[in-house]
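1. The following comprises the amino acid sequence and a computationally predicted model.
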Amino acid sequence: MFAPGNIAGEIETRRKLSVFANNLVALLGLLVLGFPVTPATIRTTVASWALVAIATMQFGLRYLRPLVIEADNKQSFRGEI
């Protein structure tokens, strides 16, 4: 069996390569897992902002407008159609 003359240098080179390969695998894992999560998070945030704005406008239009009094039955309605 052949053993290289500089075994310490060979081990050090393989250790550096192993560390680089492990870091590369970790980075690729973060990209694969994180790529779909980011657009979904942005889309959900924008959709929730839109829903809050619509709910606020509906509340304002329904409950903050003045009372409407009908001439026939003298009842007051607040936002009812």
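-> All right, it came through fine. Numbering: from 1, shown residues only.

2. C-alpha from now on. contacts and neighbour counts both.
-> Noted.

3. hey, where'd the strands end up in the protein?
-> Shown for the chain, the strands assigned by DSSP state E span residues 68-69, 76-77.

4. avg pLDDT for the first one?
-> What that stands for is strand 68-69. When pLDDT is averaged along strand 68-69, the result is 58.

5. what does the last one give?
-> Mean pLDDT, computed over strand 76-77, is 54.

6. and what of stretch 17-34?
-> For stretch 17-34, the mean per-residue pLDDT is 89.

7. try stretch 55-65
-> For stretch 55-65, mean pLDDT rounds to 84.

8. got the CA coordinates for it in CSV?
-> Taking only C-alpha atoms (Å, rounded to 0.1, in the frame of the first residue of the first chain), the coordinates of stretch 55-65 have been written out as CSV:
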residue,chain,number,x,y,z
ALA,A,55,-62.3,45.7,6.0
THR,A,56,-61.5,49.3,7.2
MET,A,57,-63.2,50.8,4.2
GLN,A,58,-66.3,48.6,4.8
PHE,A,59,-66.4,49.6,8.4
GLY,A,60,-66.1,53.3,7.5
LEU,A,61,-68.8,53.1,4.9
ARG,A,62,-71.1,51.1,6.9
TYR,A,63,-70.9,52.5,10.4
LEU,A,64,-69.6,56.0,10.1
ARG,A,65,-72.0,57.4,7.5
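
9. mind checking how far residue 60 is from residue 54?
-> 10 Å (Cα to Cα, to the nearest Å).

10. my bad, should have said residue 43
-> The spacing between residue 43 and residue 54, counted by Cα to Cα, is 17 Å.

11. can you check residue 30 too?
-> 36 Å.

12. can you give me the helices for the protein?
-> Taking DSSP state H, the helices of the chain run over residues 7-63.

13. Now do the contacts for residue 42.
-> When the contact criterion is Cα atoms under 8 Å, 6 or more residues apart in numbering, residue 42 has no partners at all.

14. Tell me the spacing between it and residue 35.
-> As defined by Cα to Cα, residue 42 lies at a distance of 12 Å from residue 35.
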